[in-house]
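A.B. asks: turn this into a structure:
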Amino acid sequence: MTEHKSIVALVVAAGRGERAGGDGLPKQYREVAGVPLLARTLRALLAIPTITKVVPVIGPDQGALFAALGLADPRLAAPVTGGETRQVSVFNGLQALADTAPDIVLIHDGARPFVDAALVSRVVAALDDASGALPVTLVTDTIKRSLDGKTVGGTEDRTQLFAAQTPQGFHFPAIYDAHRRAIAMSDGFTDDAAIAEWAGLSVALAEGDTSNIKITLPDDFARAERLLAGEQTMETRVGSGFDVHAFAPGDAVVLGNISIPHTARLKGHSDADVVLHALADALYGALAEGDIGTHFPPSEMEWKDADSAIFLDHAAQRVRARGGRIVLLDTTIICEMPRIGPHVAAMRVRIAEIAGLSIDRVSVKATTSEQLGFTGRGEGIAAQTTATIEVPITGD
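C.D. replies: Numbers count the residues shown, from 1 in each chain. Prediction:
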């Protein structure tokens, strides 16, 4: 498979989904096993490391509903406002990408929460020899045709019929040009592969996934919950982290990626952020994958004065690469000075952003050591952390 520099997932979620019921709440914000449907879809895409950015397209009146999802990930872009039809919504999303022009765009339904890395890989691989790629599944039922809706008019050859899914993949310049031409003609296309076909682009078939269902009707929510109940069993793991750095001459310390004015700085090979160092180590520990030094050796000058956000981001990505999720990050900062309380809220927000979490999964506390030990003597700052994660059980 050809290597691509950038793969952007455009998630179409601007509709109302009235066929799904829900007393007026758009279906993408209804819960599936306690989690909003759109949140599940976005998290599934963000868990795929080959995707460089995820761009949601939402309805003009859905900003508050989207914000309430509480999603935070450096690869999750601000939502784009969609239109009255799916075609207009996709076009708006493609326009928002035009300035950066990714190599590949994956156009995915926000109501398909079971997308996974294997499916995306098959779609992207199919683009090696075509302008577009459409994931499909075989039609197993006998298909009948009727001219009046009452009587059978014929039987279709099901060996030539396939059920289309998303994400549908395209080389960005080709599908953007096709959409620009199509929007001037009609906004009635319900499928991006259809626009590609109309524009004369080659569209390859890729193997779909029967579990990659689209939630459309009320019964589909129950079906999705049954699928979730049959997912691979997860286990909970807990890792701990501890870091300490001494003071050195300076005018600010960096804690939780927040610069706090002080009469000294923290001395270290990187930016000496004890909070992010300890959090990264806690995640690596929960995965049994060593520590920061294993992945970012202090002997390498590349990490001299590095922003410690790099370390925490890498550790969080390692959790996702294992098919897991971070449940909670908990930190206790130990020092006499500076005062930590006024900066806790900012640290929680920043840690959540780096680790791709909602803020309610990040805890930051502070305490002193009652003037005992090196922290009590004002010689430095320590941080103690705990990371709780869930990962698939892979065996005994």
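A.B. asks: now the helices for the chain?
C.D. replies: Applying DSSP state H to the chain gives helices spanning 37-46, 63-67, 86-97, 117-126, 172-183, 192-198, 218-229, 274-287, 292-295, 309-321, 344-355, 373-376.
A.B. asks: which one, of these, ends up nearest to residue 158?
C.D. replies: Proximity to residue 158 (Cβ to Cβ) singles out helix 192-198 among these, at 19.2 Å. All C-beta spots, glycine's among them, are computed from the backbone N, C-alpha and C.
A.B. asks: export the helices of the chain to CSV and tack on distance to residue 237, mean pLDDT and mean neighbour count?
C.D. replies: Output for the helices of the chain, formatted as CSV (distance: least, Cβ to Cβ, whole Å; pLDDT from 0 to 100; neighbours: other Cβ atoms under 10 Å):
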stretch, distance to residue 237, mean pLDDT, mean neighbour count
helix 37-46, 19, 94, 23
helix 63-67, 31, 94, 13
helix 86-97, 37, 96, 21
helix 117-126, 21, 94, 20
helix 172-183, 39, 95, 19
helix 192-198, 40, 95, 22
helix 218-229, 20, 82, 14
helix 274-287, 4, 96, 27
helix 292-295, 17, 89, 16
helix 309-321, 10, 90, 21
helix 344-355, 16, 94, 20
helix 373-376, 29, 90, 16
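A.B. asks: of all these, which one is nearest residue 142?
C.D. replies: Per Cβ to Cβ, nearest to residue 142 of the helices of the chain: helix 218-229, 22.6 Å.
A.B. asks: from the contact counts, what lies against that closest one?
C.D. replies: strand 31-32 (3 or more Cβ pairs under 8 Å, 6 or more residues apart in numbering; DSSP states H and E).
A.B. asks: OK, contacts around the closest residue in space to residue 290 that isn't next to it in sequence?
C.D. replies: Ranked by Cβ to Cβ, 6 or more residues apart in numbering and with sequence neighbours excluded, the top spatial neighbour of residue 290 is residue 284, at 5.6 Å. Residues in contact with residue 284 (Cβ atoms under 8 Å, 6 or more residues apart in numbering) are 239, 290-292, 294-295, 315, 318.
A.B. asks: and if we set it to 7 Å?
C.D. replies: 290-291, 315 (Cβ atoms under 7 Å, 6 or more residues apart in numbering).
A.B. asks: cool, and residue 311?
C.D. replies: 276-277, 280, 292, 296.
A.B. asks: repeat that with 10 Å
C.D. replies: 270-271, 273, 276-277, 279-281, 283-284, 291-292, 295-296, 303, 354 (Cβ atoms under 10 Å, 6 or more residues apart in numbering).
A.B. asks: what angle separates the worst-scoring helix or strand of the chain on mean pLDDT from helix 37-46?
C.D. replies: Ranked by mean pLDDT, DSSP states H and E, the helix or strand of the chain with the weakest confidence is helix 218-229, at a mean of 82. Interaxial angle of helix 218-229 relative to helix 37-46 (axes from the mean of the first three to the mean of the last three Cα atoms, to 10 degrees): 40 degrees.
A.B. asks: in the stretch 1-150 of the chain, where is pLDDT below threshold?
C.D. replies: Per-residue confidence of the stretch 1-150 of the chain (counting by pLDDT under 70) places the weak regions at 1-4, 17-23.
A.B. asks: strands of that one, residue ranges please.
C.D. replies: 7-13, 31-32, 35-36, 53-58, 80-81, 104-109, 132-138, 144-145 (DSSP state E, counting those that start in this stretch).
A.B. asks: nearest to residue 324, of the ones you listed?
C.D. replies: strand 35-36 (15.5 Å).
A.B. asks: parallel or antiparallel, which strands does the closest one pair with?
C.D. replies: Strand 35-36 has the following strand partners under DSSP bridges: strand 31-32 (antiparallel).
A.B. asks: next up, the contacts around residue 349.
C.D. replies: Contacts of residue 349 (Cβ under 10 Å, 6+ apart): 72, 256-258, 359, 362.
A.B. asks: oops, could you answer that again for residue 192 instead?
C.D. replies: Residue 192 makes contact with 10, 12, 86-87, 90, 94, 105, 107, 132, 134, 164, 166-170, 175, 178-179, 182, 203, according to Cβ under 10 Å, 6+ apart.
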